[in-house]
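Trainee: I would like to see how this sequence folds:
(chains A, B, C and D)
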There are 2 protein chains.
Amino acid sequence: MSPATPRYIEIARALQKRIESGELLPGDQLPTEHELAGEWNVSPNTAKQAMKELRRSGRVETLPHRGSFVSKESTPFVITLNDVDLDEDLPGRPGGGEGRAFVDEAERQGLRATSSLPRVSIAQATDAQKSALRLRGEPRPQIVRRTQQRFIDGKPNSLQHSYFALELALTAQALLAENEIAEGSVAYLRKHGHVQVGYEDGFDARPPTAEEMEFFGLPRDSLAVIEHSRTAFDQNGEPFRLTVTVYKPGANRIRFFAGDVPDGARNPAS
Amino acid sequence: MSPATPRYIEIARALQKRIESGELLPGDQLPTEHELAGEWNVSPNTAKQAMKELRRSGRVETLPHRGSFVSKESTPFVITLNDVDLDEDLPGRPGGGEGRAFVDEAERQGLRATSSLPRVSIAQATDAQKSALRLRGEPRPQIVRRTQQRFIDGKPNSLQHSYFALELALTAQALLAENEIAEGSVAYLRKHGHVQVGYEDGFDARPPTAEEMEFFGLPRDSLAVIEHSRTAFDQNGEPFRLTVTVYKPGANRIRFFAGDVPDGARNPAS
DNA sequence: GAGTGGTCTAGACCACCGG
DNA sequence: CGGTGGTCTAGACCACTCG
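Mentor: As a prediction, this is how the structure comes out:
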């Protein structure tokens, strides 16, 4: 707070203007930190701090030991979160849960979606997981986690974790296998007594975990990730599945529709 | 990258463990940066960097010139985004659009919601606004912005901007007045020929603007904010309103319901 | 006035990258 | 190899808050 606005903010803003004005185009290399320090007559650390500020805004990406570059704006992958993932037999609600909807949506947009085989692990439920799945009894009940990495055109897109009560997985044992469930998890779980009749969605933003930074290739001081949680309810009104999907911001548009939205509006071209 | 993990990350992790273990409770003051530098035998700058890392995670808040403290976990305000904001006359869809739903939801949770009078301004539409409202013609059409600050129990909760084509506001002139629209904007706009029959929602996360940092009281290196955009469509399938609501992450839970979700699940107590 | 964090300097060493 | 960014040092001054 030496002057009203610190020097490193000034530098960041000046570079940002050069980007917005089109003088620096997506993909172009920014001045190196050394050059910046010289041009602005500041210490290297102050120049570095300016770069950090630009990285946080998402407009600039730094490849360590190579340089900083103007981010390329990517056409975001549009994820439409309703009319999918409910039981296929419900009238007017297509979609096959878990992985299917993702692949379908991508194909509709002419993109190729792939996902890794699920990794399955058993862990102690966090408070949030416990309350979402209404697990009672033990303070730290065990929970099954199925994790899949999802890619669009080969690039990391999202990380999806599905959580089930261990109890449920003991009867529906395909949940424990590190394989896709061929018929879809919604259909599979229906056979085991849980008809998925509805869900609750929640959103939050938080800093990425180490795993997420590696998967998405995020620098240490990057944007937050977006977390979408979906709790699925069965015919008895009991939650039986919690799916948490983590997205890199900017690369996706997450959409919901309600009421009568014209088909035209549903085109990703919008 | 001197060793595998930098010193400042080690320090941050050590403090985080002391918080998670309960040794440091919400509201407690953390060691000062000066103390940290001494305890860990590092330079002041490295201690500062560790604190920055903790701030980014949201578990620590720094009050400049006073100290750093363990964040108090606040019971989040739950925002339920469906079954509201559609035309009140549509069967099974209560709710009164714009401000009403916010106040109603808060009352249901026993909280007091207030909002500032709208500030109205006319600006040039950004590309995103232009495409959401399907504005054609001029490259930079003018657009009306109505902004309200919203508070829960007196504390800043969210910042809501509604955008309309200038053309629309010239016939529906209440949109230009810096007053609440008594009957609700949905009812008001219906009288002017736009029956709101559906909407499209989108989510993203991004770093806060200067205005948002000030309103929410965010430090410069804080989490991202969550942005919820809702485009409302009229009986002709044309978009006529874009509402963008900005939330501070962690302080809110944004929810959607689909299908048959039991009433029990809709209690904020979950 | 003492303590605190925000900003800044002018260097340093290292690891990684490209040619 | 030279250039780059990541980390770090050991100081400095300032503005703000508190008692």
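Trainee: break down chain A into its helices, ranges please.
Mentor: Using DSSP state H, the helices of chain A run over residues A:7-20, A:33-40, A:44-57, A:98-108, A:127-132, A:166-171, A:185-191, A:210-216.
Trainee: now do A:G250 against B:R220, distance only.
Mentor: 20 Å (C-beta to C-beta, to the nearest Å). C-beta coordinates here come from the backbone N, C-alpha and C atoms, glycine included.
Trainee: which among the helices of chain A is found nearest to B:T80?
Mentor: B:T80 lies closest to helix A:127-132 among these, at 15.7 Å (C-beta to C-beta).
Trainee: outside of the closest one, which residues touch it?
Mentor: A:135, A:141, A:143, A:163, A:229, A:231, A:239, A:242, B:270 (C-beta atoms under 8 Å, 6 or more residues apart in numbering or on different chains).
Trainee: again, but for stretch A:15-29
Mentor: A:30-31, A:50, A:54, A:57, A:59-60, A:67-73.
Trainee: and if we set it to 6 Å?
Mentor: Residues outside stretch A:15-29 that contact it (C-beta atoms under 6 Å, 6 or more residues apart in numbering or on different chains) are A:59, A:67, A:69-70, A:72.
Trainee: just the buried ones from the residues you listed?
Mentor: A:59, A:69-70 (16 or more other C-beta atoms under 10 Å in any protein chain shown).
Trainee: out of the contacts of helix A:127-132, what pair is the most spread apart?
Mentor: Between all members of these, the farthest pair (by C-beta to C-beta) comes out as A:P141 and A:S229, at 18.1 Å.
Trainee: and these two? Which one has more around it.
Mentor: Ranked by neighbour count (other C-beta atoms under 10 Å in any protein chain shown), A:P141 and A:S229 place A:S229 first, with 22 against 16.
Trainee: from what I can see that one touches A:F203, true?
Mentor: No. With contact defined as C-beta atoms under 6 Å, A:S229 does not reach A:F203; the gap is 7.8 Å.
Trainee: look through the stretch 151-270 of chain A and state the residue closest to DNA strand C.
Mentor: A:G217 (12.0 Å; C-beta to the nearest atom of the strand).
Trainee: now for A:S162, how many residues are close by?
Mentor: 23.
Trainee: got the confidence number for it?
Mentor: At A:S162, the pLDDT value in this model is 95.
Trainee: now swap in A:G96 and tell me
Mentor: At A:G96, pLDDT is 38.
Trainee: which of the contacts of stretch A:15-29 sits closest to DNA strand D?
Mentor: Nearest member of the contacts of stretch A:15-29 to DNA strand D, counting by C-beta to the nearest atom of the strand, is A:G67, at 4.3 Å.
Trainee: list the contacts for the closest one?
Mentor: Contacts of A:G67 (C-beta under 6 Å, 6+ apart): A:Q29.
Trainee: quick revisit: for ChimeraX, write a command that selects the buried ones of the contacts of helix A:127-132.
Mentor: A single ChimeraX command selects the buried members of the contacts of helix A:127-132 (16+ other C-beta under 10 Å):
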select /A:135,141,143,163,229,231,239,242
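Trainee: I'd assumed B:F257 was in contact with A:E200.
Mentor: Yes. Taking C-beta under 6 Å as the definition, A:E200 is a contact partner of B:F257 at 5.4 Å.
Trainee: quick one: which of those two has more around it?
Mentor: A:E200 (23 against 18).
Trainee: domain ranges for chain A?
Mentor: A:7-70, A:77-266 (automatic domain parsing).
Trainee: go through those domains and pick out the most buried.
Mentor: domain A:77-266 (a mean of 18; mean count of other C-beta atoms under 10 Å in any protein chain shown).
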